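Student: Task: produce atomic coordinates for the following.
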Amino acid sequence: MNVTDLLKLFVVYALRQGAIAGATSAEEAVYAVDPAGIVQWAFPARPVFCAHKRQRFDYTKGADSRQLAAALDEAAATSGVAERLRPMDIRRGAAKDAGALKAGPSLSNASAALNHSSKSTELGITKRYMGPNPTSTFSDRLWLPDHIMGIKAVDTRTVAGVTPRSVTSAMLNEYISRLENSSLLVQNGRG
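Tutor: Below is the predicted model of the structure:
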C-alpha cells in the first residue's frame, strides 16, 4: 500500500515545473513560505492537476476523475517518485492526515475528509484508509524518512519535454533541519 506524502510531492513537482513564485531551489522554496505557511503559486490561474486534451495537458482546466491518474503519473515522474501513484493514494494520505489532527487520532475527522458514511466507518473502511499509525500531523510527516510514507524518490527521472530540477525530499528535509533555519521551524509551528 502506498500512502503518498502530497506535501513533498507537490513541493518537488512545483519546483521542477517552476511553479513556486520566486523559487527555483529547495532553499528558495523554504524562504518563499509566508508567515501563514502559504507559498505563492507562480501560475494562479493554473490548476495543480490539469485536464488532458488531444494528448497534451490543458493548463486552463482541472483534470476530471478519469484524467487524475495521468496527472499523478506526470507529477510522480517529474518529481522523481519511483513507483506508480494512484488516485486512491491521495485519499489514503488525506485520511491519515485528517485522522491525526492536533486533537489526536480521530476516526470522525478522517471519515469527514473522505465523505464516508457512518456505515463505512462502522465496517472499518475509514480505519483501513487511516492505516496503522495515524498519530502524525501533516507537518510532522515532513520529518519522516521517505520509505515510511511509501514513496521512493530517484534523482534522475524525466518526462519528455520537461526539464527536471535536482530537488529531492531528502534535500528539503536536510535544508529545513539546519540550525540556521530554526526560525522557519518556529514560524511554521515546529520547534
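
Student: for this structure, what are the low-confidence residue spans?
Tutor: Filtered on pLDDT under 70, the chain yields the residue ranges 1-9, 48-49, 94, 97-105, 132-173, 175-191.

Student: who touches the top strand by length along it?
Tutor: Once the chain is assigned using DSSP state E, the strand that runs over the most residues is strand 56-62. For strand 56-62, contacts defined as C-beta atoms under 8 Å, 6 or more residues apart in numbering pick out 43, 45, 46, 47, 49, 50, 51, 52, 53, 71, 74. The C-beta positions use only the backbone N, C-alpha and C, and glycine is treated the same way.

Student: In helices only, show me those.
Tutor: When these are checked against helices (DSSP state H), the matches are 71, 74.

Student: Just the buried subset of the contacts of strand 56-62, please.
Tutor: 47, 49, 50, 51, 52, 71, 74 (16 or more other C-beta atoms under 10 Å).

Student: ok, the residue nearest to the first one when sequence neighbours are not counted - how many residues close by?
Tutor: In this case it means residue 47. Leaving out its chain neighbours, the residue that sits closest to residue 47 by C-beta to C-beta, 6 or more residues apart in numbering is residue 62, at 3.9 Å. Counted by other C-beta atoms under 10 Å, the residues lying close to residue 62 total 15.

Student: Pairing partners for residue 62 in the sheet, please.
Tutor: Per DSSP bridges, the residues bridged to residue 62 are residue 50.

Student: quick one: the helices in the chain?
Tutor: 6-17, 26-31, 68-79, 87-98, 107-114, 118-122, 125-130, 146-149, 169-176, 182-187.

Student: doesn't residue 63 make contact with residue 47?
Tutor: Yes - at 7.3 Å, residue 47 counts as touching residue 63 under the criterion of C-beta atoms under 8 Å.

Student: thinking again about what came up before, what residues of the longest strand of the chain count as buried?
Tutor: Those would be residue 57, for strand 56-62 by 16+ other C-beta under 10 Å.

Student: ok so, going back, any idea which of the buried ones among the contacts of strand 56-62 is the one closest to residue 96?
Tutor: Of all the buried ones among the contacts of strand 56-62, residue 49 has the smallest distance to residue 96: 20.0 Å, by C-beta to C-beta.
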